[in-house]
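**Q** coordinates only, no sequence provided:
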């Protein structure tokens, strides 16, 4: 059956070049330590709102996720690792202020282990990622970079991994 007639729409992300992904989250270690984990939980939406108002800072898209009743995290897609670093250390940004507060509390012994914090950052080179979306609005990588019909990048994962944008091909030729 023709997927178009069956109402199935297949797409892939229109990412070109390297992709920068940040996973950042928290874990409630002790539910009763509300004073430790609630400010952390409320801080992330504030930072995301700040970034939404300033697209020049480089956040392209994000997805809020829950891994368990204790663990919450955000998958973020950034224009570049340089913009990610710049935001993380910008004195006028909420992240810098929140992280300074966490460091002060830690040094003074006021953190009691009620909340865990973590992040992982990845720079994924072109040719090392692929995506497929069936009957989905732009999501994840496609929300960050746009989406194109699957056929533009190939019907198989192998074809999509092999895709090279004109920008990457020009760099390869220069080398």
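**A** Yes, it's here. Keep in mind that what you see is a predicted model, and the values were worked out from it rather than measured.
**Q** centre-most residue in this protein?
**A** The C-alpha lying nearest the average C-alpha coordinate of the chain belongs to residue 76 (CA atoms, centre = their mean; 1.6 Å).
**Q** next up, phi/psi of that residue, please.
**A** In terms of degrees, to the nearest 10, the main-chain angles of residue 76 are phi -120, psi 140.
**Q** with residue 25 instead?
**A** Recorded main-chain torsions at residue 25 are phi -160, psi -170, according to degrees, to the nearest 10.
**Q** just confirm it contacts residue 119, I think it does.
**A** Yes - under the criterion of CB atoms under 8 Å, residue 25 lies in contact with residue 119, with a separation of 7.3 Å. (Each C-beta comes from the backbone N, C-alpha and C, glycine too.)
**Q** more crowded one of the two?
**A** Of the pair residue 25 and residue 119, residue 25 is the one with more neighbours under other CB atoms under 10 Å, namely 20 against 13.
**Q** now do the contacts for the more buried one.
**A** Taking CB atoms under 8 Å, 6 or more residues apart in numbering as the contact definition, residue 25 lies against 67, 71-74, 117-119.
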